[in-house]
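Asks: Any chance you could fold what I've pasted below:
(chains A, B, C and D)
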Protein chains: 2
Amino acid sequence: MTDSTERLEDTGYRLTAPRRAVLDAIASINRPFTIEELSEGLPNIGRATVFRTVKLLQELDIVCRVPLEDGSVRYERSRSGRHHHHLICSVCGSVTEFSDPSLDAAIEQNATSASFELESHSAELYGRCDSCRTTS
Amino acid sequence: MTDSTERLEDTGYRLTAPRRAVLDAIASINRPFTIEELSEGLPNIGRATVFRTVKLLQELDIVCRVPLEDGSVRYERSRSGRHHHHLICSVCGSVTEFSDPSLDAAIEQNATSASFELESHSAELYGRCDSCRTTS
DNA sequence: GACCTACTTGACACTAAATATCAATAGAAT
DNA sequence: ATTCTATTGATATTTAGTGTCAAGTAGGTC
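Replies: Now for the predicted structure:
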C-alpha cells in the first residue's frame, strides 16, 4: 500500500484522506470484495467516493476486476500489479492470479490470423481450487 | 431459428408466441444487442419475458453473452452454438466468434499446474477488427 | 374438439451496481 | 497563508436484472 500511495502521487492524483482509507481497507481484506462490502467497512467515506477510488485503482493496476461466472463482479488487490489472468474457485470464491506467456501468445496468434489488431484481452478460469478439490 | 425452435422443444420447453417473437427479433438483428434494445423492438412482449427468454437461450447456446471491456454486457446470436471465444471490436462493436483447441489447451495446462479443477473458462479479445483497422 | 394442468406470461415492485450533479471541502504548489 | 483546482459527500438517477403472483396458454389426454 505504501507503493500504492506512491503510484497515486506519481500519476498526479492527490493523496487524500478518503483515498488512504480505501487503500487501507483494501489492504486489510484478504478476499475478493464487492464495493458494497468495502463501503460498509468505511462508514465515514461516501459510497460514490469508494466507487470512484476503486475505479481509479483499477486504472493504476492496484486493484483488479474479477468477473464471476454468474455475471456478478468482485474486486481484488492485484498481487503482481501487472497483466494476468484468474483462477476463480466456485466453492470458496478464492481468486488466484497467474501469467503465462504461451497463453498470451496463443491469444495473439488468434488475433493475428483474424487480421484483428489486439489491444487487450481477458481470460478467466472457473472451477475448484486445490484445497476445495481435496477437501470435499 | 428453425433449429432454435427445435432445440427449445427437444429440451422440453414450450414453444410459445412470445418465445417465437424473441427468436425472430434476435434473428433479424445483425449486431450485438442489449436486452433493452431487444425489448424496445418487441412492445407487445413483457420486459421480464424478454430477459427470461434470453437467459433460456443462453443456456441452450443459441445466444451468447458478450462482456465488453467497460464492464457492460451485450448479447449475440451464437453462430456455432458451441464453446468459443470472442474478438470484440472497440470501434464498430462487431463480435466475431472463434475456437482454438490450442488456446483451450493452454488454459487447461495452467489449471493443471495450479492443481485447479477446471469447470469452464472464458476468453475475450478486445481491439480493432480488420475493416475498422484498414478504414481508419 | 374439449379438458386439464403445469409451464409461461405480463405487470409491477424491487434490488444491485454504478454514474451524474453540484455545492462544499481540502490537497499541494507558491 | 493564500489560492486554485481536484476531490468529496449527499442525493438523485440510471442501468441491468430479479421476485411475485394472478391470469393465460401450450400441448398431452380422452
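Asks: Spell out, range by range, the strands that occur in chain A.
Replies: Counting by DSSP state E, residue ranges of the strands within chain A are A:63-67, A:73-77, A:85-89, A:95-98, A:117-128.
Asks: The worst-scoring helix or strand of chain A on mean pLDDT near DNA strand D at all?
Replies: Using mean pLDDT, DSSP states H and E, helix A:2-10 stands out as the lowest-scoring helix or strand of chain A, at a mean of 84. No: applying CB under 7 Å from any atom of the strand, one finds helix A:2-10 out of contact with DNA strand D, separated by at least 7.9 Å. The way it works is simple: take the backbone N, C-alpha and C, and place the C-beta from them, glycine included.
Asks: Looking at the strands of chain A, spot the one closest to residue A:134.
Replies: strand A:117-128 (9.3 Å; CB to CB).
Asks: what's next to that closest one, contact-wise?
Replies: With CB atoms under 8 Å, 6 or more residues apart in numbering or on different chains as the test, strand A:117-128 has contacts from A:66-67, A:69, A:85-91, A:103-104, A:107-108, A:111-112, A:136, B:67, B:69, B:90, B:107, B:110-111, B:116-128, B:133.
Asks: Just checking: what are the partner strands of it?
Replies: strand A:85-89 (parallel), strand B:117-128 (antiparallel) (DSSP bridges).
Asks: Please tell me the pLDDT value assigned to the residue nearest the centre of chain A.
Replies: Central residue of chain A (CA atoms, centre = their mean): residue A:64, 1.6 Å from the mean position. pLDDT, residue A:64: 96.
Asks: my guess is it contacts residue A:78, does it?
Replies: Yes: if you go by CB atoms under 8 Å, residue A:64 and residue A:78 touch, sitting 4.7 Å apart.
Asks: any common contacting residues for the two?
Replies: The contact lists of residue A:64 and residue A:78 share A:84, A:97, where a contact means CB under 8 Å, 6+ apart.
Asks: Spell out which residues of chain A are next to DNA strand C.
Replies: Counting by CB under 7 Å from any atom of the strand, chain A sits next to DNA strand C at A:9, A:14-17, A:34-36, A:47-48, A:51, A:55, A:72-73.
Asks: now for the residues you listed, which pair is the farthest apart?
Replies: A:9 and A:72 (32.8 Å).
Asks: Following the record's annotation, map out the domains of chain A.
Replies: Per automatic domain parsing, the domain ranges recorded for chain A read A:1-79, A:83-136.
Asks: ok so, going back, looking at the strands paired with strand A:117-128, spot the one closest to DNA strand D.
Replies: Taking CB to the nearest atom of the strand, strand B:117-128 is the member of those nearest to DNA strand D, at 14.8 Å.
Asks: Pull out the buried residues from the closest one.
Replies: By neighbour count on 16 or more other CB atoms under 10 Å in any protein chain shown, the buried set for strand B:117-128 is B:117, B:118, B:121, B:122, B:123, B:124, B:125, B:126, B:127, B:128.
Asks: what would those look like in CSV with pLDDT?
Replies: Output for the buried residues of strand B:117-128, formatted as CSV (pLDDT from 0 to 100):
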residue, pLDDT
B:117, 98
B:118, 98
B:121, 98
B:122, 97
B:123, 98
B:124, 98
B:125, 98
B:126, 98
B:127, 98
B:128, 98
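Asks: how near is residue A:13 to residue A:106?
Replies: 36 Å (CB to CB, to the nearest Å).
Asks: Who has more neighbours out of the two?
Replies: residue A:106 (20 against 15; other CB atoms under 10 Å in any protein chain shown).
Asks: Show me what from chain A comes close to chain B.
Replies: A:65, A:67, A:69, A:71, A:73, A:85, A:87, A:89-90, A:96, A:98, A:100, A:102-103, A:106-107, A:109-111, A:114-130, A:133 (CB under 8 Å from any CB of the partner chain).
Asks: Which of the domains of chain A has the highest mean neighbour count?
Replies: Ranked by mean neighbour count under mean count of other CB atoms under 10 Å in any protein chain shown, the domains of chain A are led by domain A:83-136, which reaches a mean of 17.
Asks: Over to it now: how far is its first residue from its last?
Replies: Domain A:83-136 has its terminal residues 32 Å apart, counting by CA to CA, to the nearest Å.
Asks: And stretch A:63-72, by the same measure?
Replies: 17 Å.
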